Structures are given as C-alpha cells and as structure tokens.
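**Student:** Coordinates only, no sequence provided:
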C-alpha cells in the first residue's frame with residue numbers, strides 16, 4: 001500500500017484568521033469545559049497585547065512587536081515547539097509589515113497577519129499522521145513486530161501532537177482508541193498494514209472527524225480580526241465557538257487545519 005498515516009465569516013481578533021462558527025474547539029476555536037486550546041491561547045495573548053499597546057498610544061508597529069512577544073511567551077508556556085511557533089510569528093510579522101506599508105489600518109494589518117499565521121501553522125493532522133506512519137513503516141522495515149511498530153508510531157504521534165501544543169489529556173484517549181483498533185485487527189488475523197488502517201479509522205472516529213474540512217479551513221482563514229474590533233470580543237487565535245469535550249476539541253483542531261489530500265483523511269481515509 002501507499003504511505004501510511006495514523007489519521008484515517010467574521011471572527012474575533014486573531015493571529016490565525018479563524019472564522020465565525022467554526023467547528024474546531026481546540027486549535028482553531030474556543031475550547032469549552034476548560035480545555036486547553038493552544039493556538040487560541042497564543043492568539044488571545046497576542047490580541048490582548050496588540051490592543052493594549054494601541055490603546056496606550058503605541059504605533060501599529062510597536063503594538064505588533066508587543067503582540068509577537070506575547071505570542072512567543074504564550075507558545076513557550078504551552079510547550080509549542082519553536083520550530084512551529086517561530087515560523088508562524090515570523091510569517092505574521094511579515095504580513096503585518098507589508099499590510100501597513102500598503103496603507104492598511106492596524107486592524108486590517110493584524111487580520112492579514114492572522115491569515116499568514118494560519119498558513120504558517122500548517123496542517124497538524126498531516127504532520128501527526130505522517131510522522132506516525134513513517135515511524136510504523138520504518139520499524140517494520142527494521143524487523144520489528146507489528147505490535148512494536150505500532151508502539152513506535154504512537155510514541156511519535158504523541159510527540160508530534162505535543163509539539164503543536166496539544167496536552168496529553170486530549171491526545172491520549174485518541175491514541176488509546178487507535179491502539180485498541182490495531183490490537184483487535186491483529187487478533188482477528190489482519191496484516192500489519194490492514195491493522196494500521198483500522199487504527200487510522202478508529203483515530204478519526206475518536207476525534208469525531210468527517211466534515212468537509214477544506215470549506216471549514218477556508219472560512220476560518222478568511223475571518224481575521226474584524227470581529228474583535230466590531231464586536232468588542234476577546235482577542236483569540238481561534239474565534240470559533242466552544243466545544244463539547246476533549247475528543248471533539250481535538251477533532252476540530254486537527255481537521256480544521258487540513259486541506260487537499262488531508263480532507264480525505266478527515267473523512268475517514270488516509
């Protein structure tokens with residue numbers, strides 16, 4: 001088979017361009033029930049710093065410097081890998097500077113920065129799935145048993161999710177669901193790759209994926225910062241509405257960031 005992977009409007013002031021009513025409750029939206037939403041948390045810090053600096057009379061450039069510093073600190077506090085947060089903030093800075101140079105208002109420039117940040121953040125579902133699949137196949141090639149190969153895949157998947165700021169309490173239940181499906185498939189006589197496929201299906205079912213995520217991502221990336229300015233809402237990197245639980249949060253987070261071939265994975269194929 002081909003490469004394996006484990007993954008089978010208007011918004012608030014943001015640094016990732018999240019839109020209204022998005023279904024992601026963790027990475028792109030407001031995490032309900034006290035869940036940690038890494039991208040939203042970073043965006044809240046950035047948006048608050050940006051607005052506070054403007055209110056204190058700072059230039060737009062200085063206000064964005066304050067926002068970038070706050071975003072960096074928040075990302076570090078959440079454990080988001082610098083390899084992920086660094087390019088995100090750099091892309092946002094470049095877009096903001098370009099928009100200001102072109103005569104945009106500070107708010108519009110901040111929105112442009114949010115769009116650029118969202119693009120730079122990438123596609124977590126692809127990153128996590130690809131890392132898991134690579135680890136699985138490499139372990140098999142090295143002579144590992146299917147069980148040991150899948151163990152390697154889950155470790156790498158968890159590490160990659162952690163790099164994106166996802167806490168274990170959201171990731172572990174999804175990994176456990178995939179593990180259970182893999183073990184059951186092997187016990188029923190499935191080949192290693194088929195068992196991995198079953199694990200990917202269970203992964204996607206556990207996170208509740210299955211929506212047309214290309215449309216969701218487009219809506220969220222276009223929304224930007226206008227909601228905060230117009231509605232007086234809290235600045236956030238997400239801006240979507242709160243979710244129902246940890247698995248739903250991870251579902252929206254992973255799938256809302258997908259595009260292209262990753263859409264098929266969010267619909268149960270990988």
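**Tutor:** Right, received. Where do you want to start? Small disclaimer: the values here were computed from a predicted structure and weren't measured. Numbers count the residues shown, from 1 in each chain.

**Student:** For the rest of this, base every contact and every neighbour count on C-alpha atoms.
**Tutor:** OK.

**Student:** In space, what's closest to residue 74 - neighbours in sequence excluded?
**Tutor:** Ranked by Cα to Cα, 6 or more residues apart in numbering and with sequence neighbours excluded, the top spatial neighbour of residue 74 is residue 42, at 5.2 Å.

**Student:** Break down the chain into its helices, ranges please.
**Tutor:** Counting by DSSP state H, the segments of the chain that form helices are 38-55, 60-78, 82-101, 106-121, 124-141, 146-163, 168-187, 192-207, 213-223, 226-231, 246-256, 261-266.

**Student:** any idea which of the ones you listed is most buried?
**Tutor:** helix 246-256 (a mean of 28; mean count of other Cα atoms under 10 Å).

**Student:** how about low-confidence regions in the stretch 101-250 of the chain?
**Tutor:** For the stretch 101-250 of the chain, residues meeting the criterion pLDDT under 70 lie at 207-250.

**Student:** Tell me who's in contact with residue 74.
**Tutor:** Counting by Cα atoms under 8 Å, 6 or more residues apart in numbering, residue 74 touches 41, 42, 45.

**Student:** before we move on, back to that, how close does the residue nearest to residue 74 get to residue 154?
**Tutor:** 26 Å (Cα to Cα, to the nearest Å).

**Student:** Would you check that residue 140 makes contact with residue 146?
**Tutor:** Yes - counting by Cα atoms under 8 Å, residue 140 does reach residue 146; the two are 6.8 Å apart.

**Student:** ok, the contacts of residue 74 vs residue 204, which is closest?
**Tutor:** residue 41 (24.7 Å; Cα to Cα).

**Student:** Model confidence for that closest one, exactly?
**Tutor:** You'll see residue 41 listed with a pLDDT of 83.

**Student:** and if you look at residue 72?
**Tutor:** pLDDT, read off for residue 72, is 94.

**Student:** what about it, distance to residue 84?
**Tutor:** 11 Å.

**Student:** what's the answer for residue 122, then?
**Tutor:** Counting by Cα to Cα, the gap from residue 122 to residue 84 is 9 Å.

**Student:** Also residue 170?
**Tutor:** Taken as Cα to Cα, the span from residue 170 to residue 84 is 19 Å.

**Student:** didn't the residue nearest to residue 74 look like it was pressed against residue 76?
**Tutor:** No - counting by Cα under 8 Å, residue 42 sits too far from residue 76 to count as a contact (9.4 Å).

**Student:** In contact with the closest residue to residue 165 other than its chain neighbours, which residues?
**Tutor:** Among residues not flanking residue 165 along the chain, residue 80 sits closest, at 4.5 Å (Cα to Cα, 6+ apart). Residue 80 makes contact with 38, 162, 163, 164, 165, according to Cα under 8 Å, 6+ apart.
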